[in-house]
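1. Model the structure of this input:
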Amino acid sequence: MAKKTARKPNAAFLKPVQPDAVLSVIVGSKPLPRTELTKKLWEYIKKNKLQDAKVRTQINADAALKPVLNGKKSVSMFELTKLVSGHLVK
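-> Residues are numbered from 1 along each chain as shown. All right, here's what the predicted structure looks like:
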């Protein structure tokens, strides 16, 4: 019987990414792994109560988050990921 190996984290997620000027307002300007970036983004959303009270999958933008969301007032969690990817310096 084959021994189960521990799952290796995906190297792409651990490679530091550089947030652009718009995103660095929220997560800081240092390069950080995508996992950390997501964690900081969610800390910000929760701290500022930007998750919609009724529709939990909706994120409501404040002044700092709105530019990250390309000027939208509200986006779904799934759209959030896509929009954040657009604010990473290649």
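
2. Every contact and neighbour count from this point should use C-alpha atoms.
-> Will do.

3. residues contacting the nearest residue to residue 31 once chain neighbours are set aside?
-> Setting aside the residues directly before and after it, residue 31 is nearest to residue 18 in space (CA to CA, 6 or more residues apart in numbering), at 4.3 Å. Residues touching residue 18, when contacts are defined by CA atoms under 8 Å, 6 or more residues apart in numbering, comprise 29, 30, 31, 32, 88, 89, 90.

4. Identify, by residue count, the longest helix of the chain.
-> helix 34-47 (DSSP state H).

5. helices and strands around that one, which ones?
-> With contacts defined as 3 or more CA pairs under 8 Å, 6 or more residues apart in numbering; DSSP states H and E, the secondary structure elements packing on helix 34-47 are helix 11-14, helix 21-27.

6. what sits up against the first one?
-> By CA under 8 Å, 6+ apart, the surrounding residues in contact with helix 11-14 are 33, 34, 35.

7. burial measure for the first one, as a count.
-> Spelled out, it's residue 33. Close neighbours of residue 33, defined as other CA atoms under 10 Å, add up to 16.

8. I'd like the distance between the residue nearest to it when sequence neighbours are not counted and residue 65.
-> Distances taken as CA to CA, 6+ apart place residue 16 nearest to residue 33, at 4.0 Å, with adjacent residues excluded. Taking CA to CA, to the nearest Å as the criterion, residue 16 is separated from residue 65 by 21 Å.

9. if you count what's nearby, which of these two comes out ahead?
-> Set side by side, residue 16 and residue 65 show more neighbours around residue 65, with 23 against 16, by other CA under 10 Å.
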